[in-house]
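>>> got a predicted structure here, sequence first:
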There are 2 protein chains.
Amino acid sequence: MTTLNDIAKRAGVAKSTVSRYLNNGSVSDKTREKIQAIIEETGYVPNQFAQSLKAQHSNMIGVVLPRFDSPSTNQVLKGIDDVAHEKGFQLMLTNSNLSIEREKENISLLERQKVGGIILIASKMDEDLKKQVTQLSIPTLILGQKIEGVPSLVHQDYEAGRLIAEHALELGHTKILYVGVTEEDNAVGVLRRNGFMDTVKEAGFEAAFHETSFSRKEAYQQALDYLPTTEATYIAAATDHIAIGILNAANELNLSVPDDFSLSGFGGYSESDYTFPSITTIDYPFYDLGIKALNRIEQMMKEDPVSLLETLPNQLNVKQSTKKIK
Amino acid sequence: MTTLNDIAKRAGVAKSTVSRYLNNGSVSDKTREKIQAIIEETGYVPNQFAQSLKAQHSNMIGVVLPRFDSPSTNQVLKGIDDVAHEKGFQLMLTNSNLSIEREKENISLLERQKVGGIILIASKMDEDLKKQVTQLSIPTLILGQKIEGVPSLVHQDYEAGRLIAEHALELGHTKILYVGVTEEDNAVGVLRRNGFMDTVKEAGFEAAFHETSFSRKEAYQQALDYLPTTEATYIAAATDHIAIGILNAANELNLSVPDDFSLSGFGGYSESDYTFPSITTIDYPFYDLGIKALNRIEQMMKEDPVSLLETLPNQLNVKQSTKKIK
DNA sequence: CTGAAAGCGCTAACAA
DNA sequence: TTGTTAGCGCTTTCAG
């Protein structure tokens, strides 16, 4: 392996000169050329361990993600990765497998690895985790949730709830069922639902509520139970996955969407395009979120000032699964 | 930050003694206890950069994956991650975004990072790449493809093709269309198809062939064209995604699966469970592949001997989309 | 069983 | 502009 020292010897200079060439660049033209030639010839690449040992941190970017098989997370990841690749950052991905304990573990791990920055794609949060994140000495960016005092990028979930509710009301629906998830998830479980419920209430109606999990399978099985008896003409599911589960149950029960009831999701995963009927949803800019995230964490690593909170707008995407009530 | 030196000083011993305590362990009981207490008290954690600088390599495991949004890759990843987490290995994931150039880049990158082992989830391959992999000084394991002389784990794709063909024939179908992909992908484009075609031919029939891409959207659009005129009573798609695309087109055209034609995929992604009708497929053990991969790379890193090639069996999973011909 | 000392490859303060 | 030097935190010989 070629080292700084090798280059220095062959160029007949001190290693600090080579180091300077590599970093600041304050070197005479003559030595510059000499060094350059030798580096090219040998294909020298600096040893990252030595650099990091010296610097006391690496410039990798750590990412904590909730799971590998979430289409939305994968879109975010793709955005992060595209920019990271372009800017030459190395990513260190850690999976917390939907466990809050592993989220904490992963953060500690990235801290120990002394990554330059952390992007936390949040799922569940508790006080412990918030405290841990707040005390981190590494620049940290939260995606999808908020923590007091920590920079974050979030979707406009409350507004998304409103958009879907307005859509349902415009189509003339008044018997409405909202199928949501646990309040432990603030963005999906609380904001979307509140945006939806508030809007329905303001219009003078009341939506029923059913709580399910994020699992498509569970949504499917529960829907088999409640679909036969529900009076709702519009069912708003809190995610596209849940909506797909409900659609599968409707098919199973020989109910037609949107003839028997209208159905919508949230998310804009490409999945909701490929069901039949395709499902009305709110498109979230996941890919853009990833792009923004990496740019922002880079700023933070350079200690540029950044705003604490940025919200990304989303929009209604009307497809085949919703229609005017007769 | 606490260092080895700090511990040594506080314990009144030399740092080499602490190091020995941490590694081999040949230390007197008395010093052992002293050191232990201080380490616990301070929460000391060894500096990985220093360790790696010394060792000239880290014990992270690098993974090269084709893209983030593939359900099968995600399953493999989950298997890899579960074992890695259990065994305390750190993963370094790199995305090659379906580009063979980025595959090469990523491998070089992992080489420069001096990871302890590389798991290459292959997609496309060319001679250059094969050469690069063969010359690697880091233990490397290929998933899903073969390279001469490099350990690999592959699916039984040819056999999978046979299984599906046998199923179609058993149901009495003789007018068969196989919708496949490019031969650049050996496992999916060549082996699956050959297994299928050979079996059909041995039975005395001939299947038609249509080439498409891996994209569900493209499969959908092309199917809109050929479904109205095809004579096939059985369509075998080379992946579940393609099958879903075809199913969507059938829905669009008011064709019924399996009444108008039977349809099958390959892959066993959970997606094929949640369409209506659910799609007959070959279940591949992706998660197990990930588990095996990590165990194997660990062996390789310990320089245990490993077999060069292991093939993982898969099995037919009959669901609602295929039925006996009338 | 333990300590002293060298060195992994790099950076940066200081001196020339 | 350049070289000398010290040191990041750890492991590992080699003596004792």
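Ah, there it is.

>>> can you map out the helices along the stretch 151-300 of chain A?
A:157-170, A:193-202, A:216-226, A:240-252, A:286-301 (DSSP state H, counting those that start in this stretch).

>>> relative to residue B:222, which of those is closest?
Taking CB to CB as the criterion, helix A:240-252 is the member of those that comes nearest to residue B:222, at 23.7 Å. C-betas here are computed from N, CA, C, even on glycine.

>>> please see if the closest one touches chain B.
Yes. Helix A:240-252 reaches chain B (CB under 8 Å from any CB of the partner chain) through A:244-245, A:247-248, A:251-252.

>>> equivalent analysis for stretch A:218-236, please.
Yes. Applying CB under 8 Å from any CB, one finds that stretch A:218-236 is in contact with chain B at residue A:220.

>>> interface residues of the stretch 101-250 of chain A facing chain B?
Within the stretch 101-250 of chain A, the positions lying close to chain B (CB under 8 Å from any CB) are A:102, A:109, A:112-114, A:216-217, A:220, A:244-245, A:247-248.

>>> repeat that with 6 Å
Taking CB under 6 Å from any CB of the partner chain as the criterion, the neighbours of chain B within the stretch 101-250 of chain A are A:112, A:216, A:248.

>>> follow-up on the earlier one: which one of the residues of helix A:240-252 next to chain B is nearest residue A:315?
Taking CB to CB as the measure, residue A:315 lies nearest residue A:244 of the residues of helix A:240-252 next to chain B, at 20.3 Å.

>>> how about the contacts made by that closest one?
Shown in contact with residue A:244 (CB atoms under 6 Å, 6 or more residues apart in numbering or on different chains): A:216, A:275.

>>> at 7 Å instead, please
Residues touching residue A:244, when contacts are defined by CB atoms under 7 Å, 6 or more residues apart in numbering or on different chains, comprise A:216, A:271-272, A:275, B:274.

>>> quick one on the thing from earlier: the residues of the stretch 101-250 of chain A next to chain B also near DNA strand C: which ones?
Restricting those to those touching DNA strand C (CB under 7 Å from any atom of the strand) yields no residues.

>>> can you name the residues of chain A that neighbour DNA strand D?
Proximity of chain A to DNA strand D is confined to A:12-17, A:20, A:26-28, A:30-31, A:50, A:53-54, A:56 under the rule CB under 7 Å from any atom of the strand.

>>> compare those and tell me which is most surrounded.
If you count neighbours using other CB atoms under 10 Å in any protein chain shown, the busiest of the residues of chain A next to DNA strand D is residue A:17, which has 21 neighbours.

>>> re earlier: of the residues of the stretch 101-250 of chain A next to chain B, which is the nearest to residue A:172?
Checking these against residue A:172 by CB to CB gives residue A:248 as the nearest, at 26.2 Å.

>>> ok, now which ones touch the closest residue to that closest one other than its chain neighbours?
Computed as CB to CB, 6 or more residues apart in numbering or on different chains, the closest residue to residue A:248 that is not its neighbour in sequence is residue A:220, at 4.9 Å. Residues touching residue A:220, when contacts are defined by CB under 7 Å, 6+ apart, comprise A:245, A:248-249.

>>> quick one: which of those is nearest residue B:73?
Checking these against residue B:73 with CB to CB, the nearest one is residue A:245 at 23.4 Å.

>>> so what's the residue count around that closest one?
Neighbour count for residue A:245, taken as other CB under 10 Å: 27.

>>> how about the nearest residue to it, chain neighbours excluded?
Among residues not flanking residue A:245 along the chain, residue A:219 sits closest, at 3.0 Å (CB to CB, 6+ apart).

>>> wait, isn't the one you found in contact with residue A:242?
Yes. Using CB atoms under 7 Å, residue A:219 makes contact with residue A:242 at a distance of 4.2 Å.

>>> of those two, who's got more company?
For residue A:219 and residue A:242, the more surrounded residue by other CB under 10 Å is residue A:242, and the numbers stand at 30 against 27.

>>> picking up where we left off before, in JSON lines: the residues of helix A:240-252 next to chain B, plus pLDDT.
Compiled in JSON lines, the residues of helix A:240-252 next to chain B are given as follows (pLDDT from 0 to 100):
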{"residue": "A:244", "pLDDT": "93"}
{"residue": "A:245", "pLDDT": "94"}
{"residue": "A:247", "pLDDT": "95"}
{"residue": "A:248", "pLDDT": "92"}
{"residue": "A:251", "pLDDT": "91"}
{"residue": "A:252", "pLDDT": "91"}
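
>>> picking that back up, can you redo the residues of the stretch 101-250 of chain A next to chain B as JSON lines with neighbour count?
Conversion of these to JSON lines gives the following (neighbours: other CB atoms under 10 Å in any protein chain shown):
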{"residue": "A:112", "neighbour count": "13"}
{"residue": "A:216", "neighbour count": "24"}
{"residue": "A:248", "neighbour count": "23"}
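
>>> list just the nearest of the residues you listed to residue B:285.
Taking CB to CB as the measure, residue B:285 sits nearest to residue A:216 out of these, at 21.3 Å.

>>> right, and the closest one touches residue A:239 too?
No. Counting by CB under 7 Å, no contact exists between residue A:216 and residue A:239, whose distance comes to 8.9 Å.

>>> count of neighbours near the closest residue to residue A:260 other than its chain neighbours?
In space, not counting the residues next to it along the chain, residue A:260 is nearest to residue A:250; the distance is 7.2 Å by CB to CB, 6+ apart. A total of 23 residues lie near residue A:250 under the criterion other CB under 10 Å.

>>> other residues contacting stretch A:81-99?
Outside stretch A:81-99, the residues that touch it by CB under 7 Å, 6+ apart are A:59-68, A:80, A:102-103, A:106, A:109-110, A:113, A:115, A:123, A:291, A:294-295, A:298, B:68, B:81, B:92-93, B:95.

>>> quick revisit: quick check: the two most widely separated of the residues of chain A next to DNA strand D?
A:30 and A:56 (34.2 Å).

>>> filter the contacts of stretch A:81-99 to the buried ones?
Buried members of these, scored by 16 or more other CB atoms under 10 Å in any protein chain shown, are A:59-68, A:80, A:102-103, A:106, A:109-110, A:113, A:115, A:123, A:291, A:294, A:298, B:68, B:81, B:92-93, B:95.

>>> just checking, which of the residues you listed belong to helices?
With DSSP state H as the criterion, helices contain A:80, A:102-103, A:106, A:109-110, A:291, A:294, A:298, B:81 from among the buried ones among the contacts of stretch A:81-99.

>>> from the residues you listed, which is closest to DNA strand C?
Sorting those by distance to DNA strand C puts residue A:298 at the head of the list, at 19.0 Å, by CB to the nearest atom of the strand.

>>> show the model's pLDDT score for the residue nearest to residue A:245.
According to the per-residue confidence, residue A:219 scores 95 in pLDDT.

>>> contact residues of the stretch 1-150 of chain A facing DNA strand C?
The stretch 1-150 of chain A comes close to DNA strand C at residues A:1, A:3-5, A:15-16, A:19-20, A:22-23, A:46-47, A:50-51, A:53-55, as judged by CB under 7 Å from any atom of the strand.

>>> try 6 Å this time
A:1, A:3-5, A:15-16, A:19, A:22-23, A:46-47, A:50-51, A:53-54 (CB under 6 Å from any atom of the strand).

>>> residue of the stretch 151-300 of chain A closest to DNA strand D, please.
Closest point on the stretch 151-300 of chain A to DNA strand D, by CB to the nearest atom of the strand, is residue A:300, at 23.4 Å.
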